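**Q** sequence plus the predicted model coming up.
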Amino acid sequence: MKMLLVGLVSLGCVVAARAQIHSKLVEYRDGDALLEGYYTYDDSIIKGKRPAVLIVHQWMGLTDYEKKRADMLATLGYNVFAVDIYGKGVRPKDAKEAGALAMKYKSDRDLLRRRVNAGLDVLQKSELTDPKRVAAIGYCFGGTTVLELARSGADIAGVVSFHGGLDSPRPDDGRNIKCKVLAMQGADDPFVTPKDMAAFEDEMRKNRVDWELIKYGGAVHSFTQWDAGSDNSKGAAYNEEADKRSWEEMKQFFAEIFR
């Protein structure tokens, strides 16, 4: 038994040595607005510059969920920054406040683009970022945001939207997209209609974007959100299969754009 315990302790030390995640909160600004994002990387996998990923939060703002996703990406070898669109300390207490905050930015796409680009600037200036290999991902509100980042003409390799809004008040801005686009949706998402999807596809085609739209059968909105419950009748629910499949699709997308 003593030998077994020693072996387990040794194994635990080896595992700990392999995972060297470094993370910190980073203050930055968009004009007069003070923002606070979450920066993380793992120095046990890659030394020096590496591909980088920007993460944009869902409508509740930057939470432990995005931080966990950021750490997951860090363990894959990426330099990661989870941005703050709302502002330091600005966090809705419920869905009503979240809806109002999200709408403030969705109704002003120029402001939304400026906020996400401010976060991108932080990531691009990081000494560990390979500037030619940068991507952005977003969840729900964040999915909408990374599509707007692409429409702003950001010089990045790709964007990934998880159950984000696909609508665009200015679809002609699709001509500004320089990067590859991957959008993943719940096929039964009541908040993103077939009309929205069709308009998104038309925008991508018209502007000759390198794009892909994946729909998961049986999945609704928020299918990657672990705490979204399992009741599809509410319109938003976690779907384990769609979550795992979409994460693998993202990894494959990164393997393609970062090669």
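**A** Nice, thanks for sending it over.
**Q** got the contact list for whichever strand or helix holds Arg29?
**A** Element membership for Arg29 (DSSP states H and E) is strand 21-30. Strand 21-30 is contacted by residues 34-43, 67, 70-71, 74-75, 81, 88, 114-115, 118-119, 121-122 when judged by CB atoms under 8 Å, 6 or more residues apart in numbering. Placement of C-beta: from N, CA and C, glycine included.
**Q** what does stretch 63-75 give?
**A** With contact meaning CB under 8 Å, 6+ apart, stretch 63-75 is reached by 19, 21, 23, 38, 40-42, 45, 53, 55, 57-58, 80-82, 91, 139, 142, 225-227.
**Q** buried sites along it?
**A** 65-67, 69-71, 73-75 (16 or more other CB atoms under 10 Å).
**Q** repeat that for stretch 166-180.
**A** Residues 166-168, 171, 173-174, 177, 179-180 are the ones in stretch 166-180 that count as buried (16+ other CB under 10 Å).
**Q** and the end-to-end length of that stretch?
**A** By CA to CA, to the nearest Å, the extent of stretch 166-180 from end to end equals 15 Å.
**Q** repeat for stretch 186-194
**A** End-to-end distance (CA to CA), stretch 186-194: 11 Å.
**Q** ok, stretch 226-245 next?
**A** First residue to last in stretch 226-245 (CA to CA) measures 14 Å.
**Q** likewise for stretch 71-88?
**A** 20 Å.
**Q** before we move on, what about stretch 118-138?
**A** Taking CA to CA, the first and last residues of stretch 118-138 lie 15 Å apart.
**Q** how about stretch 87-106?
**A** Terminal residues of stretch 87-106 are spaced 15 Å apart (CA to CA).
**Q** contact partners of it?
**A** 27, 33-36, 59-63, 85-86, 111-112, 115, 141, 144-145, 165.
**Q** please name the strands paired to the strand holding Arg29 in the sheet, noting orientation.
**A** Strand pairing for strand 21-30, using DSSP bridges, gives strand 33-42 (antiparallel).
**Q** on that earlier part again, filter the contacts of strand 21-30 to the buried ones?
**A** Here, 16+ other CB under 10 Å leaves 35-42, 67, 70-71, 74-75, 81, 88, 115, 118-119, 122 buried among the contacts of strand 21-30.
**Q** distance from the chain centre to whichever strand or helix holds Pro51, please.
**A** Using DSSP H and E, Pro51 sits in strand 50-56. Relative to its chain's centre, strand 50-56 lies at 8 Å (CA atoms, centre = their mean, to the nearest Å).
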